[in-house]
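Trainee: Following is a predicted model, sequence given first.
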Amino acid sequence: MCAYRVLVVDDSAFMRKIITDLIVRDESFNIVGTAANGKEAVEKVKELQPDLVTMDVEMPEMNGLEALPLIMAAHPLPVIMLSGINEQGMKETIMALEAGAFDFIRKPSIAHAQDIEQVSKALLEQMHTAMQAVRSRLERKEANERKAALEQAKKTPQQKPPGQAVTEKRSGSQASTDKPSVVPLAPSPAVSAQPKRDVGKSAPAVAKQETKRQQSGTSVTAGRIEQQPAAQPSNKSVQAPTVQKKEDLSKGLGRTPGQLNSTTTAAGKSLHGKDKAGLAKPEPHKTVISSATRTPAAATPPVAAPTVPAAPKGLSLKKGVHTSNFRKLVAVGCSTGGPRALKTLLERIPGDFPAPIVIVQHMPPNFTRSLAQRLNTLSPLRVVEAEQGMTLETGTAYIAPGGYQLRIVPGAGGKYTVSLKTEEARNGHRPSVDTMFESLLSLTSLERHLVLLTGMGSDGAKMMKKLYDAGVQSTFAENEETCVVYGMPRSAVELKCVRHLLPMQEIAPKLVQVVK
């Protein structure tokens, strides 16, 4: 049996033992080493070349947040962060997710055996999902390489047998004595590479179409994939040099685990022979994911319902028009990889956006508050954790609090407010995207815009389909190329209810264009 190699990093020897014991319960994983701090972890990753790392956030000498970019630069691989529940630990966990960590779990409470079991289940599920995402990425890369090689072979003229070449050369020499020399024109590569449906189009038109197809995202309309133009270069908010610099850095150093390069990581060298480890193979592209979900909220005891303070602080500090009179609303759902995706999305939406944005990110209580605070420092929008009874306003993004189901309900004077309830988990999640989307069904006076980003499972897809069938045509999903886990968006695509299937960096510009 060939198991995945895991490095466990924690400054507590006792916690290293606990995490190691939890992992080795699953024969698909093997502990190849441990480290007591971030500096040691960087060295062990280079030495041992593991397939996956679990790493504590708070450690002496070098913490997990500081070690993460060094690890990703030297040996890109999935890193699952273990976070404490203190405020500093939660803030650093959110920043680690932005920097490329695959996901995180809360550290188990040693005093409660049930909590240890819940953390064990969540950790092993995340580890399986991480390795499946790596395998899917590598398989897709190999498929693209084979396709490119095949297309190149079609474009390259085949060499003819030596005898035939000599005959043609002699014929050409004889012909040159009778008429001017003419060089035969090879078929246009752009034309020769096209499917039969392009026959009849001019070579320039076909080449232009091929270039557009390669450089743009896609849309799915009425079950048919159509070409979706890329964001216009004139959009200054998208093309700002500082944003581009961050993206280039993330591509080179902080690459997401789902984008591992098989030529630079030892994990990629051994993944193809690891089906014997008992892991499910990546699901075919036509299969709807319906059960691969995690339940972080269930691992945390219910907390008191948030209430609206008499005078909410910080809601009017940012520039922009904030009014409760609006006729458009954006609803976003995401899970694994979501914090990084939300950062990309909200950084590119202007502060005067004429609609509120309601977001469900699968995350435990308290962590959602840290996420909102972090995003508020990065986005032109106001970003807050939603509270019971809060009135929605334009230019503001509302993060559903962990441990609660969030709904949007009509309020007095034509306004819309937040409703939070501690009801059962749905699709294994609380908050659930399906619950939030479902609350929009009756709000027919609003122009509703739906977005599904990276995440495992299928939460949100079912209700996006129901809203689509009810007439909501503005539906977006992140494409497979940029998803950390292509689960939730794929489920919606397979239900044929996605109009705009785009890479993460193109969703915000297109959303702004559609809403405005």
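Mentor: In hand now; what should we look at?

Trainee: Show me which helix runs longest in this structure.
Mentor: Using DSSP state H to define each element, the chain has its longest helix at helix 113-155.

Trainee: Show me what that helix is packed against.
Mentor: Other helices and strands packing on helix 113-155, by 3 or more CB pairs under 8 Å, 6 or more residues apart in numbering; DSSP states H and E, are strand 4-9, helix 13-23, strand 52-56, strand 79-83, strand 103-106, helix 189-192, helix 266-270. For glycine as for every other residue, the C-beta is placed from the backbone atoms N, C-alpha and C.

Trainee: right, so of those, which gets closest to residue 380?
Mentor: Between residue 380 and the helices and strands packed on helix 113-155, the shortest gap by CB to CB is with strand 103-106, which sits at 26.8 Å.

Trainee: before we move on, back to that, measure how the longest helix of the chain sits relative to helix 13-23, angle-wise.
Mentor: Using axes from the mean of the first three to the mean of the last three CA atoms, to 10 degrees, the direction of helix 113-155 lies 60 degrees away from that of helix 13-23.

Trainee: Pretty sure residue 353 sits against residue 394.
Mentor: Yes - contact between residue 353 and residue 394 holds when scored by CB atoms under 8 Å: they sit 6.5 Å apart.

Trainee: more crowded one of the two?
Mentor: For the pair residue 353 and residue 394, the greater number of neighbours falls to residue 353 (26 against 22), based on other CB atoms under 10 Å.

Trainee: check contacts around the more buried one.
Mentor: Contact partners of residue 353, counting by CB atoms under 8 Å, 6 or more residues apart in numbering, are 320, 381, 394-395, 512, 515-516.

Trainee: can you rerun that using 10 Å?
Mentor: By CB atoms under 10 Å, 6 or more residues apart in numbering, the residues touching residue 353 are 320-321, 326, 328, 330, 346, 379-381, 394-397, 508, 511-512, 515-516.

Trainee: just residue 64 next, same as before
Mentor: Neighbouring residues of residue 64 by CB under 10 Å, 6+ apart: 9-11, 37-38, 41, 53-58, 71, 79, 81-83, 89, 92-93, 95-96, 99, 101, 104.

Trainee: If we use 6 Å, what do you get?
Mentor: If you count contacts by CB atoms under 6 Å, 6 or more residues apart in numbering, residue 64 has them with 38, 55-57, 81.

Trainee: Now that we have the residues you listed, can you turn them into JSON lines and tack on pLDDT?
Mentor: Listed next are the contacts of residue 64 as JSON lines, based on pLDDT from 0 to 100:
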{"residue": "38", "pLDDT": "95"}
{"residue": "55", "pLDDT": "96"}
{"residue": "56", "pLDDT": "94"}
{"residue": "57", "pLDDT": "93"}
{"residue": "81", "pLDDT": "95"}
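
Trainee: Tell me the one of those residues nearest residue 32?
Mentor: Nearest to residue 32 among the contacts of residue 64: residue 55, at 14.4 Å, using CB to CB.

Trainee: Can you give me the distance of residue 325 to residue 416?
Mentor: Per CB to CB, to the nearest Å, residue 325 is found 10 Å from residue 416.

Trainee: For the two, indicate the residue with more neighbours.
Mentor: Comparing residue 325 with residue 416 by other CB under 10 Å, the one with more neighbours is residue 416, at 21 against 9.

Trainee: quick one, what contacts the more buried one?
Mentor: By CB under 6 Å, 6+ apart, the contact set of residue 416 is 392, 408.

Trainee: hmm, 10 Å instead?
Mentor: Contacts of residue 416 by CB under 10 Å, 6+ apart are 324, 326, 329, 356, 358, 390-393, 408-410, 439, 443, 445-446.

Trainee: ok, of those residues, which come out buried?
Mentor: Buried subset of the contacts of residue 416 (neighbour count, 16 or more other CB atoms under 10 Å): 324, 326, 329, 356, 358, 390, 392-393, 408, 439, 446.

Trainee: Lowest pLDDT pick from the residues you listed?
Mentor: When these are compared by pLDDT, residue 324 scores lowest at 92.

Trainee: With adjacent residues omitted, what lies nearest to that one?
Mentor: What sits nearest to residue 324 in space, not counting adjacent residues and going by CB to CB, 6 or more residues apart in numbering, is residue 415, at 4.7 Å.

Trainee: Could you check how far the one you found is from residue 352?
Mentor: For residue 415, the distance to residue 352 equals 19 Å [CB to CB].

Trainee: cool, residue 98 as well?
Mentor: The spacing between residue 98 and residue 352, counted by CB to CB, is 25 Å.

Trainee: Please say which of these two ends up with more neighbours.
Mentor: Higher neighbour count among residue 98 and residue 352: residue 98, with 21 against 14, using other CB under 10 Å.

Trainee: In contact with that one, which residues?
Mentor: Residue 98 touches 65, 250, 254, 339-344, 371, 374-375, 378, counting by CB under 10 Å, 6+ apart.

Trainee: Name the nearest of the residues you listed relative to residue 363.
Mentor: Using CB to CB, these come closest to residue 363 at residue 371, 6.5 Å.

Trainee: Could you verify my assumption that the closest one touches residue 340?
Mentor: No - assessed by CB atoms under 10 Å, residue 371 is found out of contact with residue 340, at 11.0 Å.

Trainee: Check the contact lists of those two and give me the overlap.
Mentor: Joint contacts of residue 371 and residue 340 (CB under 10 Å, 6+ apart) are 94, 97-98.
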